[in-house]
Structure formats: structure tokens, C-alpha cells
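Engineer: Turn this into a structure:
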Amino acid sequence: MLSGHFWQHLSPGVEPSSTGRSVLSDLEQGLTLFFALSGFLLYLPFVSRLMSGRSAPSARQFYFNRVVRIFPAYLVVLLVASYVLCATYVSSPELGYLGDIGSMTEPLQIIANLSLVQALVPGTMGTGLGVSWSLTTELCFYAILPLLGLLGYRVARSVRSPVAAALVAPALMFVVGGLAQTLGILLRSGSAEQQYAMSWGPTWAGVLDRSLLSMAHLFAFGMFAAVLVAGLSAGRITWDVGRIRPLLWVVAVCALVSVAVVPAALAFGLVSAALIALATVPSQSGQPSWTARVLESRLLRNAGLISYSVYLWHVPILNVMASHDLGTAQQTWAGAIGWWLVLVCVTTAVATTTYYGVERPFTRLRERVRVTRSS
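Structural biologist: Sure thing, here's the model as predicted:
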């Protein structure tokens, strides 16, 4: 995401090849992995308890955890980006234009962004941090997930297989996502550039395209992976693990190859689900797979810890760079890569500070509240 936005925002004066442009475009599919991973991690506790015959997790605890996870760092970054750096979007994007940058002053725009509902209406669509529309979508998923979990419990009363009951929610999400995507296509008209502007601009088509309805199938990929992992762990799925892992690699490779002929989000959604399953399904010996061991390396674990803050900070930092013409006129690949490294280093430093200063203290608060309630 950071690399794709670097090229989009700064447009350095070097032109990548057609293959390079395709790769840069595909980098933004990191958001597909983000949604799929959320679907997996958040649905897994519900489906695991369903598989083992235990009651559903506490909805109150779930909502509390999600609010504490999302809002503290978001609010800090939003306020600093707007009123210290003057680097938030104060108008919605239009055709060929990302929007005006500055400090938010309109009361409704401020309230909408503080409460993360700015992507639900055209008037504030695309304002704030720019990437925060995805957090609105994420919050909507949080709102309905306990209901989806309870749906599995309700279906389990009528069917013998808890695996089949657990599959109902992701199947429903997948169908809803497909229908909303189809409706979005019907709502857009004009040239490819005009349709792109409608999809990202202050229109109801843009609101639909950025909504949970249109992103539901991406969460569903991760939810399907959660059913597989929970089913194997609980012994509800008795497939041979030694055969499942090679099959998952085949699925991931085939999906990646198919990106040229199928919608990129679908292909990368399937790749994401397969990779998530590969990282969490144990090896045949019962030990963590090599995929899991790689992901548990110190470097990747630390990158994962600050990834949320990196996501929040990178666009405001890009806007500051663009406003000072930093990295916008490089005529060589060396210059462009140099400014990309500057972006990576600055964003990493600021994100690390935000993690240790904001995210980790609130994570500890969340753990203390959990202990207090459980005791």
C-alpha cells in the first residue's frame, strides 16, 4: 500500500514499464489481505467455540476490544495530521485530482472523521486521512460479526455438522459482496476515467463501492480460512493435513496467475485465504509449519506490530512531501527509490513512536479490563 501510494501521490518523473505499472497497481491489493486477515482473525474465535460446543464469545467484550484497538491511534494520527501537519484531505477526490489538503475546519466534516463515518455519505467521502474509509468498512464488519457468529449457532441447531453451520456466514458475505459489486458496476457510467472518479468521488456509487456491502466477499475469504483451521483443530474436518498444504499452495499459485483474467480483488482474496491457511494449519508432524516460523521471525513480528500505525501515517507524510515538492520531480530511478526510502524510514519511525506511545498502552488497558471482567 505504501509503495503504491508513493507512486500515485508523488508521481516521480520516471515512467515504469507496463509490467511495472501493473505491479504498482497490484500493490494496493494489500488492502484485500487486510480485510481477509480481519475476517480470519475475528471470525476464528466464534467458529472455534462453535466447533468445540462452547458458547459464543461475549459481544460486549468484542465491541470493547475493537473500539480500543482502532480509535486511540486513529484519533491521534488524525488530529496531528490535520492540525499540526495540515496534511488531511478537506475535500473529496474528483476526476484526476485527489482533493484539497489542509486542516479540517467544517464542523460536520470534523465530526464525521472523528467518529469514522465519513465514508457513509457522499459529502465527506474521501476526506480525513484518505485511507480511513477502509476503517469505516472495518467498523461496519465489527458491528455485524457477533450477529454472524450467532447465525452459525442458530443454524447448528438444525444441521448436524458444525462445519456446515460455520460456513453459512462467509457464504452469505460472499454472495452479498458479489451482488453489491454488480450493483456498483450498473450505477457507474461514462469513460473508464469517469467511472473511476465516480467510484472514488463524492457520489452514492462511491459510497457503495467503499462500503462493507461491496467489500463483504473479501472478509469472506478470511472467514472461509477460519472455518478450515478451526475444523482441523477441533477434529471436525478430518482431511489429511499432508495433502491440504500442497493443495493450498496450488490454489495460491493458480489464483495469482489468474489475476490477468479475473478481477484482481477476487484473485488476491483467494491468494490471501490460501496464505493465511498455510500460515496457521499445522504441518503433518503437528509442529508449526515453516510458513508460520517465517512469519514469527523477529523482523516480521515487529513489522506487524507497527503496521496499523504505518497504514495511518503514510498518506499524511506523503502529503507533506508533496506540498514541499519532495520526490515529485526526480528524473532517475535512483532518485525515486531514494525518496521512497525516505518515506519508508520516516513512516516507520513515526509509526513505531505511535505504537509504543499509544497502541501498546491501550492494548494493556484492554487486557486489564478483560481480566477485571473475567474475575
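
Engineer: alpha carbons only for contacts and neighbour counts from here, please
Structural biologist: Fine.

Engineer: What is the burial count for Ala264?
Structural biologist: 18 (other C-alpha atoms under 10 Å).

Engineer: Same question for Asp325.
Structural biologist: By other C-alpha under 10 Å, neighbour count at Asp325 equals 11.

Engineer: And Leu135, by the same measure?
Structural biologist: If we define neighbours as other C-alpha under 10 Å, then Leu135 has 17 of them.

Engineer: Then the one 10 residues further on?
Structural biologist: Residue neighbour count, defined by other C-alpha under 10 Å, stands at 20 for Leu145.

Engineer: In a strand, it, correct?
Structural biologist: No - the assignment for Leu145, made by DSSP: H, G, I helix; E, B strand; the rest coil, is helix rather than a strand.

Engineer: Distance check, it against Val159.
Structural biologist: Leu145 sits 21 Å away from Val159, going by C-alpha to C-alpha, to the nearest Å.

Engineer: what's the domain layout of the chain?
Structural biologist: Domains of the chain are assigned by automatic domain parsing as 2-238+297-374, 249-290.

Engineer: Any chance of TSV for those, columns mean pLDDT?
Structural biologist: Shown next, in TSV, are those (pLDDT from 0 to 100):
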stretch	mean pLDDT
domain 2-238+297-374	86
domain 249-290	82
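
Engineer: and Ala273, what is it in contact with?
Structural biologist: 36-37, 221-222, 224-225 (C-alpha atoms under 8 Å, 6 or more residues apart in numbering).

Engineer: Top of those by number of neighbours, please.
Structural biologist: For the contacts of Ala273, neighbours were counted using other C-alpha under 10 Å, and Gly222 has the most, 33 neighbours in all.

Engineer: Export the helix or strand hosting that residue to CSV, keeping only CA atoms.
Structural biologist: Using DSSP states H and E, the element containing Gly222 is helix 212-234. Taking C-alpha atoms only, helix 212-234 is exported to CSV below (Å, rounded to 0.1, in the frame of the first residue of the first chain):
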residue,chain,number,x,y,z
LEU,A,212,-19.0,-3.2,3.7
LEU,A,213,-21.6,-4.4,1.2
SER,A,214,-19.1,-4.2,-1.7
MET,A,215,-16.2,-5.5,0.4
ALA,A,216,-18.1,-8.3,2.1
HIS,A,217,-16.6,-11.0,-0.1
LEU,A,218,-13.1,-10.0,0.8
PHE,A,219,-13.8,-10.6,4.5
ALA,A,220,-15.5,-13.9,3.5
PHE,A,221,-12.2,-15.3,2.1
GLY,A,222,-10.6,-15.0,5.6
MET,A,223,-13.7,-16.4,7.2
PHE,A,224,-13.6,-19.5,5.0
ALA,A,225,-10.0,-19.9,6.1
ALA,A,226,-11.1,-19.7,9.7
VAL,A,227,-13.6,-22.5,9.2
LEU,A,228,-10.9,-24.7,7.7
VAL,A,229,-8.4,-24.0,10.5
ALA,A,230,-10.9,-24.3,13.3
GLY,A,231,-12.4,-27.5,11.8
LEU,A,232,-9.0,-29.2,11.5
SER,A,233,-8.0,-28.1,15.1
ALA,A,234,-11.3,-29.5,16.6
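
Engineer: Phi, psi for Ile101 please.
Structural biologist: Reported as degrees, to the nearest 10, the phi and psi values for Ile101 are phi -120, psi 140.

Engineer: how about it, what does it touch?
Structural biologist: Contacts of Ile101 (C-alpha under 8 Å, 6+ apart): 86-91, 319.

Engineer: ok, now how distant is it from Tyr74?
Structural biologist: 18 Å.

Engineer: Could you do Leu31 as well?
Structural biologist: Leu31 sits 17 Å away from Tyr74, going by C-alpha to C-alpha.

Engineer: between those two, which one's more packed in?
Structural biologist: Taking neighbours as other C-alpha under 10 Å, Leu31 and Tyr74 compare with Tyr74 leading, 23 against 17.

Engineer: what about the more buried one, which helix or strand?
Structural biologist: Judged by DSSP H and E, Tyr74 forms part of helix 59-83.

Engineer: Report the buried residues of that helix.
Structural biologist: 63, 65-66, 69, 71, 73-75, 77-82 (16 or more other C-alpha atoms under 10 Å).

Engineer: got it, and stretch 150-159?
Structural biologist: By neighbour count with 16+ other C-alpha under 10 Å, stretch 150-159 contains the buried residues 150, 152-153, 155-156.

Engineer: where's that stretch relative to the chain centroid, distance-wise?
Structural biologist: Counting by C-alpha atoms, centre = their mean, to the nearest Å, stretch 150-159 is centred 28 Å from the centre of its parent chain.

Engineer: what sits up against it?
Structural biologist: Residues from elsewhere that reach stretch 150-159 (C-alpha under 8 Å, 6+ apart): 47, 50, 56, 162, 164-169.
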